[in-house]
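A.B. asks: Return atomic coordinates for the entry below.
(one chain, ligands or ions: 2)
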Amino acid sequence: MRKSDIKCAARLAIDCVVGDVCVLCQLPLPPHQWHDPLRLNSHMCPYCRTAVALNPNSCQHCALPLPDGQHICGRCITTPLADRALAPVLHQHCGAYLVHQLKFHRGEREALALASFLLTAVHQRYPNTNALPDLLIPVPIAPWTQLRRGYNPSEWLARTLHKQLNVAVANDLLTRKVGPSQRTLTRHQRLRLATNTFTLKRKVAPRVLDFRHVAIIDDVLTTGATVAVLAGTLRRAGAVRVDVWCATRA
Ligand SMILES: [Zn+2]
Ligand SMILES: [Zn+2]
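C.D. replies: Ligands and ions are numbered 1, 2, ... in the order given. Model (predicted):
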């Protein structure tokens, strides 16, 4: 059993004995009480929810934080990253901690906390269910990483969003080419290495993405290099509109 599995099991056992606790301050949460208007148990107390740094005014195509009154960043005027981008939380302090727990410590409760912020943003930015995408596409991770980690954090976010929004999750369309970890690379290196990182699986039915409106789901949006490559792959496969929904923006 992995160390992270043991930690996860221990946390669930503690939840059973002492009740649910807030993912940030670890203080007990009142039983059977939902802590946000979406009626999704985000495992976060109201105080910590207000302490999370949000990204309220950002570029509509890449979610880069912008000064009040601006809606598109300089880069997206010429090359927009996506048709619409959401990243409701800034990747600092609490937001970065939640993503770290989700990514490296099997943070299922942190996934719910992050998804609750994304859901609030989706309800604000998509006026009705007809405007929602047809498919949610979690960013695939390399097969070796999937094997080592045992799960894809982006897929956990997508599954939570699916339960609330009733939009299908397509997690078996693409393969990610094995490459070096991007965490230590510069933006230029990422852009150079990210070329041709994703390919459609051979077994995928032809035209499955034709004229589709899709949303790429990821935990953190950093340089946008990965999303740009994935969006290009999806467009070449027939998607007419590609949005990106990331929990946090670095
Ligand atoms: Zn708290
Ligand atoms: Zn932008």
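A.B. asks: Now residue 222. Nearest residue, chain neighbours left out?
C.D. replies: Once flanking residues are discounted, residue 222 sits nearest to residue 250: 4.3 Å by CB to CB, 6 or more residues apart in numbering. C-beta here means a position set from N, CA and C on the backbone, and glycine is covered the same way.
A.B. asks: Can you give me the distance of the one you found to ligand 2?
C.D. replies: Residue 250 sits 13 Å away from ligand 2, going by CB to the ion, to the nearest Å.
A.B. asks: With residue 227 instead?
C.D. replies: Here residue 227 is placed at a distance of 11 Å from ligand 2 (CB to the ion).
A.B. asks: got it, and residue 125?
C.D. replies: Residue 125 is 15 Å from ligand 2, by CB to the ion.
A.B. asks: That residue touches residue 84, doesn't it?
C.D. replies: Yes. With contact defined as CB atoms under 8 Å, residue 125 reaches residue 84; the gap is 6.9 Å.
A.B. asks: Settle it for me: which of these two has more neighbours?
C.D. replies: Between residue 125 and residue 84, residue 84 has the larger neighbour count (other CB atoms under 10 Å), namely 20 against 15.
A.B. asks: so what's that one up against?
C.D. replies: Going by CB atoms under 8 Å, 6 or more residues apart in numbering, residue 84 touches 60, 61, 125, 243, 244.
A.B. asks: Tell me the one of these nearest residue 148?
C.D. replies: Ranked by distance to residue 148 (CB to CB), the contacts of residue 84 are led by residue 244 at 25.7 Å.
A.B. asks: which ones are touching the closest one?
C.D. replies: Contacts of residue 244 (CB under 8 Å, 6+ apart): 62-63, 81-82, 84-86, 215-216, 218, 221, 227, 231.
A.B. asks: now, which of those sits nearest ligand 2?
C.D. replies: Ligand 2 has its nearest neighbour among the contacts of residue 244 in residue 62, at 3.2 Å by CB to the ion.
A.B. asks: Run a quick neighbour tally on that closest one.
C.D. replies: For residue 62, the neighbour count with other CB under 10 Å is 25.
A.B. asks: what's the closest non-adjacent residue to it?
C.D. replies: Per CB to CB, 6+ apart, closest to residue 62 is residue 81, 4.0 Å.
A.B. asks: picking that back up, let's have the contacts of residue 244 in TSV, adding distance to residue 198 and secondary structure.
C.D. replies: Listed next are these as TSV, based on distance: CB to CB, whole Å; DSSP: H, G, I helix; E, B strand; the rest coil:
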residue	distance to residue 198	secondary structure
62	19	coil
63	20	coil
81	15	coil
82	15	coil
84	20	strand
85	18	strand
86	21	strand
215	16	strand
216	10	strand
218	13	strand
221	16	strand
227	11	helix
231	10	helix
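A.B. asks: Closest one of those residues to residue 165?
C.D. replies: residue 215 (9.7 Å).
A.B. asks: Quick check: which element contains residue 175?
C.D. replies: Under the criterion of DSSP states H and E, residue 175 resides in strand 174-176.
A.B. asks: ok, and for that strand, which residues are buried?
C.D. replies: By neighbour count, with 16 or more other CB atoms under 10 Å as the criterion, the buried positions of strand 174-176 are 174, 175, 176.
A.B. asks: quick one: strands adjacent to it?
C.D. replies: Next to strand 174-176 in the sheet, as set by DSSP bridges, lie strand 198-200 (antiparallel).
A.B. asks: quick one on the thing from earlier: list the residues that contact the residue nearest to residue 222.
C.D. replies: Applying CB under 8 Å, 6+ apart, the residues contacting residue 250 are 91, 220, 221, 222.
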